[in-house]
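[1] give me a 3D structure for the following:
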Amino acid sequence: MDLLSTVIQFRARQNADQLCFSGRQVQAWFLREVERHRPVLVALIHDGFRPNPEDKHGFRPYTCSSLYKGPHVAWKLAEGDWCWLRLTSLTAELSDLLVKTVLPDLIPVAKIGQVELDVLPWQPQRPDNPWVAADTYASLVRQAALGTETRLEMEFSSITSFKKKMRQNGFEVDIPLPVPEMVFGNYLNHWSAFSGEQLPEILWEFVEECLVVNELEIHSERAQLQFGHSQRAATGFVGRVRFAILGGKGKSRFGANWQHLATLVRMLGLYSFYCGTGQDTTVGLGQTRLIP
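    Modelled structure (predicted):
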């Protein structure tokens with residue numbers, strides 16, 4: 001098992017009338033739990049993998065959601081309320097540690113931000129929950145090769161946006177839109193960082209030329225990531241987007257290679273479930289799944 005997506009359930013021990021978007025607090029709790037069992041690994045996964053030494057931020061091999069109450073982000077909790085969070089892992093080492101050691105031995109009471117929560121025993125199998133799964137990189141390749149879809153419908157269930165550095169002035173700006181090359185370029189970078197397999201460079205060109213937004217049902221949202229720090233906020237899109245792969249064998253300059261490249265796009269769509277989309281996926285942003 002290389003890839004893991006799992007949920008953990010809690011019950012509030014106290015009232016919390018005003019919660020911020022709690023992804024950063026969830027991340028801190030998660031790293032503390034990992035540190036109890038493998039302190040050295042925490043430093044590695046927190047720093048992330050940097051293909052370019054000049055990169056300010058690395059690609060981290062996990063994601064954390066915010067706290068959810070039912071299907072929605074929890075903005076307040078009453079004593080006794082049930083809530084949950086989601087974790088994913090992108091490497092066999094981390095997935096193995098979580099499944100065999102960390103998750104079966106969670107501290108029974110969790111403090112996430114200022115809220116204390118009773119931790120329910122972790123259940124590895126939850127067939128009723130669409131956010132729970134495990135897989136391998138090789139299996140995603142096989143699944144994508146079996147498909148023929150040229151329409152990929154994706155659900156972005158938490159705020160999703162991208163960082164872009166402006167050429168003229170060097171400023172970094174947020175792009176709160178599902179630009180195909182940003183969305184799938186993000187998946188491609190994560191795949192290259194953690195799968196051990198480098199994808200062909202021509203795939204970048206294929207995404208730019210052949211992948212378009214076909215239909216969308218999105219809205220913008222803004223969340224404060226940390227109380228008392230107005231600049232620590234995120235604006236992005238939430239909702240469903242359908243991407244279309246244009247052309248076909250013999251109908252584009254990619255010729256006979258079109259089918260293989262389309263398969264790789266489907267593979268990256270499947271991978272999005274684990275790696276998330278865009279910036280700050282380790283603190284709750286960019287939660288993503290491909291709709292069958």
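
[2] against residue 162, how distant is residue 173?
    Residue 173 is 9 Å from residue 162, where distance means C-beta to C-beta, to the nearest Å. Heads up, the C-betas are built off the backbone N, CA and C, glycines and all.

[3] more neighbours: which of the two?
    residue 162 (20 against 12; other C-beta atoms under 10 Å).

[4] what sits against the more buried one?
    174-175, 179, 182, 186, 278-279 (C-beta atoms under 8 Å, 6 or more residues apart in numbering).

[5] for it, give its distance to residue 224.
    Distance from residue 162 to residue 224, by C-beta to C-beta: 20 Å.

[6] the stretch 51-200 of the chain: helices as residue ranges?
    Taking DSSP state H, counting those that start in this stretch, the helices of the stretch 51-200 of the chain run over residues 92-97, 137-146, 180-194.

[7] what's the next secondary structure element after the longest one?
    Using DSSP states H and E, the next helix or strand after helix 180-194 towards the C-terminus is helix 202-210.

[8] circling back to that earlier point, now list the buried members of the contacts of residue 162.
    Listed as buried from those are 182, 186, 278-279; burial here means 16 or more other C-beta atoms under 10 Å.

[9] and these as JSON lines, adding pLDDT and distance to residue 240?
    Compiled in JSON lines, the buried ones among the contacts of residue 162 are given as follows (pLDDT from 0 to 100; distance: C-beta to C-beta, whole Å):
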{"residue": "182", "pLDDT": "96", "distance to residue 240": "17"}
{"residue": "186", "pLDDT": "96", "distance to residue 240": "18"}
{"residue": "278", "pLDDT": "96", "distance to residue 240": "16"}
{"residue": "279", "pLDDT": "92", "distance to residue 240": "20"}
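
[10] determine which two of those are furthest apart.
    Within the buried ones among the contacts of residue 162, two members stand farthest from each other by C-beta to C-beta: 182 and 279, at 10.2 Å.

[11] so where's the stretch 101-250 of the chain uncertain?
    Applying pLDDT under 70 to the stretch 101-250 of the chain flags the ranges 167, 169-170, 226-231, 249-250.

[12] show me where it has its strands.
    Along the stretch 101-250 of the chain, the segments classed as strands by DSSP state E, counting those that start in this stretch run 109-112, 115-119, 133-135, 151-160, 162-165, 172-175, 211-224, 233-245.

[13] strand partners of the fifth one, parallel vs antiparallel please.
    Looking back up the chat, that one is strand 162-165. strand 172-175 (antiparallel) (DSSP bridges).

[14] same question for the third one.
    Counting by DSSP bridges, the strands paired with strand 133-135 are strand 3-12 (antiparallel).

[15] likewise the last one?
    Taking DSSP bridges as the criterion, strand 233-245 forms sheet pairs with strand 151-160 (antiparallel), strand 211-224 (antiparallel).

[16] could you do the first one as well?
    When pairing is defined by DSSP bridges, strand 109-112 lines up against strand 115-119 (antiparallel).

[17] which residues touch the strand it pairs with?
    Contacts of strand 115-119 (C-beta under 8 Å, 6+ apart): 8-14, 16, 19, 77, 83, 106-111.

[18] mind doing that once more with 6 Å?
    Residues from elsewhere that reach strand 115-119 (C-beta atoms under 6 Å, 6 or more residues apart in numbering): 10-14, 16, 106, 108-110.

[19] check stretch 173-191 too.
    By C-beta under 6 Å, 6+ apart, stretch 173-191 touches 59, 161-162, 164, 199, 207-208, 211, 220, 235-237, 241, 268, 271-272, 275, 277.

[20] how far off centre is it?
    Stretch 173-191 has its C-alpha centroid displaced from the chain centroid by 12 Å (C-alpha atoms, centre = their mean, to the nearest Å).

[21] swap in stretch 282-289?
    Relative to where its chain is centred, stretch 282-289 has its mean C-alpha point 4 Å off (C-alpha atoms, centre = their mean).

[22] and stretch 196-209, by the same measure?
    On C-alpha atoms, centre = their mean, the centre of stretch 196-209 falls 20 Å from the chain's centre.

[23] check which residues of it are buried.
    199, 203, 206-207.

[24] mind listing what the spatially closest residue to residue 66 that is not a sequence neighbour touches?
    Distance criterion C-beta to C-beta, 6 or more residues apart in numbering; nearest residue to residue 66, sequence neighbours excluded, is residue 284 at 3.8 Å. Applying C-beta under 6 Å, 6+ apart to residue 284 gives the contacts 23, 65-66, 158.
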